[in-house]
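[1] Structure for the following, please:
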Amino acid sequence: MAGKLRHIALSVPDPEKAARFYEEVFGLERVGVTDSVLASGVYLSDGYINLALLHYKTDEMAGMAQGRDFVGTHHFGFVVDDAAATKRRIERCGGAFFMDLPELKDTLYYEEKYRDPAGVIFDISEKGWVIAAP
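    Here you go, the predicted structure:
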């Protein structure tokens, strides 16, 4: 039943510039890039956590009252064994489904987005996110 925290997403104005900073300062490894309908960005990892540095394409895709130009922690994600059972627990405890990206369902990057009772965005994924070898 326990989920494992494996993903943190930051909303940044320039994903490449942010990636270079975290690569040079902390030695994080670049494990992917994205340019989806949601956002453009770079994925980094320390071997345990996937750090997404994202620039959202629209206010709607950002999903936050602050809009696409917000800079800071946007959401985080948990790897779970059973997404359907986790969804039931989320809803039972006051959380609500927010969105998914149907075109990505068969990829490693597929996740379902939820809001907790306070409105904080988080993801669940059975496949997880790309990480560097520890």
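
[2] Where does the prediction get shaky in this protein?
    Counting by pLDDT under 70, the ranges of the chain that qualify are 1, 101-109, 134.

[3] Show me what stretch 28-48 is in contact with.
    6, 15-16, 18-19, 22-23, 26-27, 50-57, 61, 101, 103-104, 109, 129-134 (Cβ atoms under 8 Å, 6 or more residues apart in numbering). (Glycine included, C-beta is placed from N, CA and C.)

[4] from those residues, which ones fall inside helices?
    Judged by DSSP state H, the contacts of stretch 28-48 include 15-16, 18-19, 22-23, 26, 61 as members of helices.

[5] quick one: buried residues of stretch 16-32?
    18-19, 22, 28, 31 (16 or more other Cβ atoms under 10 Å).

[6] What is the burial count for residue 6?
    19 (other Cβ atoms under 10 Å).

[7] can you pull the contacts of it?
    Residue 6 makes contact with 48-50, 77-79, 128-129, 131, according to Cβ under 8 Å, 6+ apart.

[8] residues in contact with the residue located most distally from the centre of the chain?
    Centroid-distance maximum for the chain: residue 92 at 22.7 Å, with Cα atoms, centre = their mean. For residue 92, no residue counts as a contact, taking Cβ under 8 Å, 6+ apart as the criterion.

[9] Please tell me how far it sits from residue 78.
    Going from residue 92 to residue 78 by Cβ to Cβ, to the nearest Å gives 16 Å.

[10] Considering the contacts of residue 6, which possesses the most neighbours?
    For those, the largest neighbour count, defined by other Cβ under 10 Å, is 25 neighbours, found at residue 77.
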